[in-house]
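J.: here is a sequence with its predicted model. Questions after.
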Amino acid sequence: MKIIERLYDGSMTMLTDLFQLTMAYGYWKSGKANQQAVFNLFFRKNPFNGGFTVACGLEYVVDFLNSFKFSSDDLTYLQAVKDSRGNPIFENEFLDYLGHMDFTCDVDAMPEGTIVFPHEPMIRVKGPVIQGQLIETPLLNMINFQSLIATKAARVNLAAKGDRVIEFGLRRAQGIDGALSASRAAYIGGCSSTSNVLAGKLFGIPVSGTQAHSWVMSFDSEPEAFEAYARAMPDNCIFLVDTYDTLKGVENAVAVGKSLRANGKKLIGVRIDSGDLAYFSVKAREILDMAGFQDTVIVASNDLDEHIINSLKSEQHAAIDVWGVGTKLVTAFDQPALGAVYKMSAIRDGSGKWDYKIKLSEQALKMNNPGIQQVRRYYDQDKALADMIFDSQHQPEGKISIVDPMDATRRKKLAASTLLYKDLLEPVFEQGKLVYKLPNIEEIKASVAKELGSFHGGVKRFVNPHSYPVGLEASLYELKTSLILKLRNMENDQRQ
Ligand SMILES: Nc1ncnc2c1ncn2[C@@H]1O[C@H](COP(=O)(O)OP(=O)(O)OP(=O)(O)O)[C@@H](O)[C@H]1O
Ligand SMILES: O=P(O)(O)OC[C@H]1O[C@H](OP(=O)(O)OP(=O)(O)O)[C@H](O)[C@@H]1O
Ligand SMILES: O=C(O)c1cccnc1
């Protein structure tokens, strides 16, 4: 079979790191496979030095978990995986166990489109430790990338201040799924359409586009190229005007626009893809307006990102109506990974009691939070005030104090009983059964716009954004501190 058919028709359960399978084998050998554990997926820093992150990728995760099953092909492959002495790593009885394994975990997650902040669990998995372990890598793969791109797209669209942004990234994206899931995430983050036709077909995203230099170059002259296009597609005319001389190109577009008009058609737009976009767009606008083409839009492209768009639009008053953004959006050019991690935060001991876990680190930033966490977002009217990470086993009551996990002296008191709130993690799977109704892509996209609207402008600015308050509920903070002290004492005792 060809590589693309094999990739997309096969089971995805093996989309994991080998060490997840070797640890799974170890859990099984040690009789621990079914010990209940809790894992949280979270990141430690907003991308792009920004003040927020857009959660994205859950639909992929749901699909992946829904069809989580090792196929006989997978097991045959695993049978042949060898250790350092050339012997099979996995014994057949274990492979048989994997073959019969069904996904039975509880999964709670933030819906796609939720605005999320560092240290907040975006996904919580509770169930047999072997299963929680095996799905670590694919969950990170799906959530890290799509959340990164949805966040970049949200930033680009904030800079465009309501103008249409078309995502042009397919040709520069990181491979096939890098392009497809980037187109999906970019649309969710706020783009209006994509040039990626397969993404349009798969996800129901509107597709749109203009024309390339090769079209113009294939004719003896630019006017001939525009005329031929207008004859072929009179209702789809956005001419690329910078192949030879941008302003002459606009004049050539106007000339064809006049004959389109004479036939009851319209010159929809011109695209400028090089040079000083502020200067050329303003000049192009003058030419178009003088000729009576006030409603012809100016599309700009060429290595754009949120900073260039912001400068062109807000500082230089460029006359650009539509932004075509490719490379820097779909490759998350200035930050290639979100850096979300997946950490165990509790495991049930032999007596059935939850044993809360943290990982010690020299860096406070790297110490995870313990417990079976939930995130509560408090609102004052329709504005988000602060988020509290708490242990769902101990529902907070009365007056609430939240503690900054990076600086315990920073505490925020909330008159919680008078405030509206929403718990951000929603049940997705209960004992392996899907209990969540997936929103469609339009609903997800609309929720990003709505959610962003509930945050103060300072959180969304590009330079030194305001750090939105996220804290640990005080008793969870105390618990974390006591676990750290206990582990440090254990370390000291072992050294003596
Ligand atoms: N007025 C402007 N202010 C800020 N940045 C701009 C402005 N006009 C264009 N840019 C950006 O400057 C960069 C221009 O890069 P470059 O010099 O490679 O483009 P170019 O001169 O159009 O040549 P090419 O044909 O190779 O694209 C692009 O990222 C573009 O988006
Ligand atoms: O610049 P991006 O944000 O990635 O947007 C996509 C770019 O892709 C096309 O260029 P093409 O691949 O033909 O090459 P070019 O850079 O020489 O125009 C298009 O003209 C844009 O410039
Ligand atoms: O349609 C376009 O103008 C387009 C598509 C892909 C990349 N650059 C431009």
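T.: Right, received. Where do you want to start? Ligands and ions are numbered 1, 2, ... in the order given.
J.: check contacts around F48.
T.: Going by Cβ atoms under 8 Å, 6 or more residues apart in numbering, F48 touches 151-152, 155, 332, 334-335. Where you see a C-beta, it was placed from the backbone N, CA and C, and this is true even at glycine.
J.: how about G324: which residues does it bridge to?
T.: In this entry, G324 is beta-bridged to I166, by DSSP bridges.
J.: count of residues packed around it?
T.: Neighbourhood size, G324 [other Cβ atoms under 10 Å]: 24.
J.: isn't it right up against D303?
T.: No - between G324 and D303 there is no contact under Cβ atoms under 8 Å: 10.5 Å.
J.: tell me which element the residue of the stretch 101-250 of the chain at minimum distance from ligand 3 falls in.
T.: Closest to ligand 3 within the stretch 101-250 of the chain is G209: 2.8 Å, counting by Cβ to the nearest ligand atom. Using DSSP states H and E, G209 maps to neither a helix nor a strand.
J.: give me the pLDDT for it.
T.: We have a pLDDT of 98 for G209.
J.: how about I4?
T.: As predicted, I4 sits at a pLDDT of 68.
J.: hang on, the earlier thing: which one is the residue of the stretch 101-250 of the chain closest to ligand 3 nearest to, not counting chain neighbours?
T.: Once flanking residues are discounted, G209 sits nearest to S195: 4.8 Å by Cβ to Cβ, 6 or more residues apart in numbering.
J.: for N92, same thing?
T.: Counting by Cβ to Cβ, 6+ apart, N92 lies nearest to Q79, which is 7.2 Å off, once chain neighbours are set aside.
J.: and the gap between that neighbour and ligand 1?
T.: Using Cβ to the nearest ligand atom, to the nearest Å, Q79 is found at 52 Å from ligand 1.
J.: in this structure W323 contacts F168, no?
T.: No - W323 lies out of contact with F168 (Cβ under 8 Å); the separation is 9.6 Å.
J.: name the element R271 belongs to?
T.: Element membership of R271 [criterion: DSSP H and E] is strand 269-272.
J.: direction included, what does that strand pair up with?
T.: Strand 269-272 is paired, per DSSP bridges, with strand 238-240 (parallel), strand 297-300 (parallel).
J.: got a list of contacts for it?
T.: With contact meaning Cβ under 8 Å, 6+ apart, strand 269-272 is reached by 210-211, 237-242, 246, 249-250, 253, 280-281, 284, 288, 296-302, 321-322, 324.
J.: again with stretch 441-460
T.: Counting by Cβ under 8 Å, 6+ apart, 51-52, 54, 56, 111-115, 150, 154, 158, 184, 187-190, 203-205, 379, 382-384, 439, 465-466, 468 sit against stretch 441-460.
J.: returning to what we had before: in JSON lines, list the strands paired with strand 269-272 along with mean pLDDT, mean neighbour count and distance to V428.
T.: Output for the strands paired with strand 269-272, formatted as JSON lines (pLDDT from 0 to 100; neighbours: other Cβ atoms under 10 Å; distance: least, Cβ to Cβ, whole Å):
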{"stretch": "strand 238-240", "mean pLDDT": "98", "mean neighbour count": "25", "distance to V428": "41"}
{"stretch": "strand 297-300", "mean pLDDT": "99", "mean neighbour count": "23", "distance to V428": "39"}
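J.: list the contacts for the residue nearest the centre of the chain?
T.: For the chain, S147 is the residue whose C-alpha lies nearest the centre (Cα atoms, centre = their mean; 1.3 Å). If a contact means Cβ under 8 Å, 6+ apart, then S147 has 43, 53-57, 116, 122, 185, 338, 340 as its contacts.
J.: spit out the contact partners of the closest residue in space to Q374 that isn't next to it in sequence.
T.: Distance criterion Cβ to Cβ, 6+ apart; nearest residue to Q374, sequence neighbours excluded, is S392 at 4.4 Å. S392 is in contact with 371-374, counting by Cβ under 8 Å, 6+ apart.
J.: do that again at 7 Å, thanks
T.: Taking Cβ atoms under 7 Å, 6 or more residues apart in numbering, we find S392 in contact with 372-374.
J.: same deal with A182?
T.: Neighbouring residues of A182 by Cβ under 7 Å, 6+ apart: 149, 169, 173, 330.
J.: tell me the pLDDT at the closest residue to ligand 2 within the stretch 51-200 of the chain?
T.: Nearest residue of the stretch 51-200 of the chain to ligand 2: F168, at 3.9 Å (Cβ to the nearest ligand atom). Looking at F168, its pLDDT reads 98.
J.: dihedrals phi and psi, the residue nearest to it when sequence neighbours are not counted?
T.: Excluding its sequence neighbours, the residue lying closest to F168 (Cβ to Cβ, 6+ apart) is G326, at 3.7 Å. Here is the backbone geometry of G326 (degrees, to the nearest 10): phi -120, psi -100.
J.: enumerate the positions of stretch 257-273 that are buried.
T.: By neighbour count on 16 or more other Cβ atoms under 10 Å, the buried set for stretch 257-273 is 257, 260, 265, 267-273.
J.: got those as a markdown table, with pLDDT columns?
T.: A markdown table is the format used below for the buried residues of stretch 257-273 (pLDDT from 0 to 100):
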| residue | pLDDT |
| --- | --- |
| G257 | 98 |
| L260 | 98 |
| K265 | 98 |
| L267 | 98 |
| I268 | 98 |
| G269 | 98 |
| V270 | 98 |
| R271 | 98 |
| I272 | 99 |
| D273 | 98 |
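J.: am I right that F94 is in contact with Y25?
T.: Yes - here F94 reaches Y25: they are 5.4 Å apart, a contact under Cβ atoms under 7 Å.
J.: just put the strands paired with strand 269-272 in a markdown table and tack on distance to E473.
T.: Shown next, in a markdown table, are these (distance: least, Cβ to Cβ, whole Å):
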| stretch | distance to E473 |
| --- | --- |
| strand 238-240 | 53 |
| strand 297-300 | 48 |
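J.: which one of these lies nearest to ligand 1?
T.: Closest to ligand 1 of the strands paired with strand 269-272, according to Cβ to the nearest ligand atom: strand 297-300, at 7.7 Å.
J.: look up the closest residue to L385, ignoring the ones flanking it.
T.: Leaving aside its sequence neighbours, L385 sits nearest to Y378 (Cβ to Cβ, 6+ apart; 4.7 Å).
J.: please identify the helix or strand for the one you found.
T.: Element membership of Y378, judged by DSSP H and E, is strand 373-380.
J.: give the buried residues for the very next helix or strand once past that strand.
T.: Using DSSP H and E, the helix or strand that directly follows strand 373-380 along the chain is strand 383-391. Under the neighbour-count criterion of 16+ other Cβ under 10 Å, strand 383-391 has 384-391 buried.
J.: same check on stretch 432-443?
T.: Using 16+ other Cβ under 10 Å as the test for burial, stretch 432-443 gives 432, 436, 439, 441.
J.: show me how far it is from its chain's centre.
T.: Computed by Cα atoms, centre = their mean, to the nearest Å, the chain-centroid distance of stretch 432-443 equals 17 Å.
J.: equivalent analysis for stretch 479-493, please.
T.: Centre-to-centre, stretch 479-493 and its host chain are 35 Å apart (Cα atoms, centre = their mean).
J.: smallest gap between the stretch 251-400 of the chain and ligand 2, at which residue?
T.: Going by Cβ to the nearest ligand atom, ligand 2 is nearest to G326 of the stretch 251-400 of the chain, at 2.8 Å.
J.: returning to that earlier point: tell me, which of the buried residues of stretch 257-273 make contact with ligand 3?
T.: Applying Cβ under 6 Å from any ligand atom, the subset of the buried residues of stretch 257-273 adjacent to ligand 3 comprises R271.
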